[in-house]
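Undergrad: Here is my input, please return the structure:
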Amino acid sequence: MSKTANIYTRVDPMIKERAEAVLDQLGMSMATAMEIYLRQIALQRKIPFEMALPDIQPIVLGALSEEEFNGLMDQAMKQYAAGLCTPVEEFEAELNREFNI
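TA: Numbers count the residues shown, from 1 in each chain. Below you'll find the predicted structure:
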């Protein structure tokens, strides 16, 4: 019986790069991190962290009453007037910086 087994997987290059940057700071290789992850799955017999959808519920336009729609529009206008909104150009630039989109 061999002492190791190979695992091959496809990963988004940006995610891999960001993970490697963190692992480098920890002084750990990707192989070591993956082995720790797999050992925890084997020990705990589950994924070793919580996996859940965010609590944010999507707004379905067709499911809103006119009153609900108007309330959301009023809320959006108040946030805009208070300067709590980000211009689309700034938002797109932030996405480009953060996720290389």
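
Undergrad: Would you map the helices across this protein?
TA: Per DSSP state H, the chain carries helices over the ranges 13-26, 30-44, 66-81, 88-99.

Undergrad: To residue 4, which of these lies closest?
TA: Nearest to residue 4, of all the helices of the chain, is helix 30-44, at 9.4 Å by C-beta to C-beta. From N, CA and C alone the C-beta is placed, and that goes for glycine too.

Undergrad: Can you give me the domain assignment for this structure?
TA: 1-52, 61-99 (automatic domain parsing).

Undergrad: closest one to residue 5 among the helices of the chain?
TA: helix 30-44 (10.0 Å).

Undergrad: packing partners for the closest one?
TA: Secondary-structure packing of helix 30-44 (3 or more C-beta pairs under 8 Å, 6 or more residues apart in numbering; DSSP states H and E): helix 13-26.

Undergrad: which sections of the protein are below the confidence cut-off?
TA: 1-2, 101 (pLDDT under 70).

Undergrad: For the helices of the chain, give me a markdown table that also has mean neighbour count.
TA: Below are the helices of the chain laid out as a markdown table (neighbours: other C-beta atoms under 10 Å):
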| stretch | mean neighbour count |
| --- | --- |
| helix 13-26 | 11 |
| helix 30-44 | 12 |
| helix 66-81 | 10 |
| helix 88-99 | 10 |
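
Undergrad: can you list the ones you listed in CSV and add distance to residue 59?
TA: Converted to CSV, these look like this (distance: least, C-beta to C-beta, whole Å):
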stretch, distance to residue 59
helix 13-26, 29
helix 30-44, 36
helix 66-81, 7
helix 88-99, 18
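
Undergrad: Cool, thanks, talk later.
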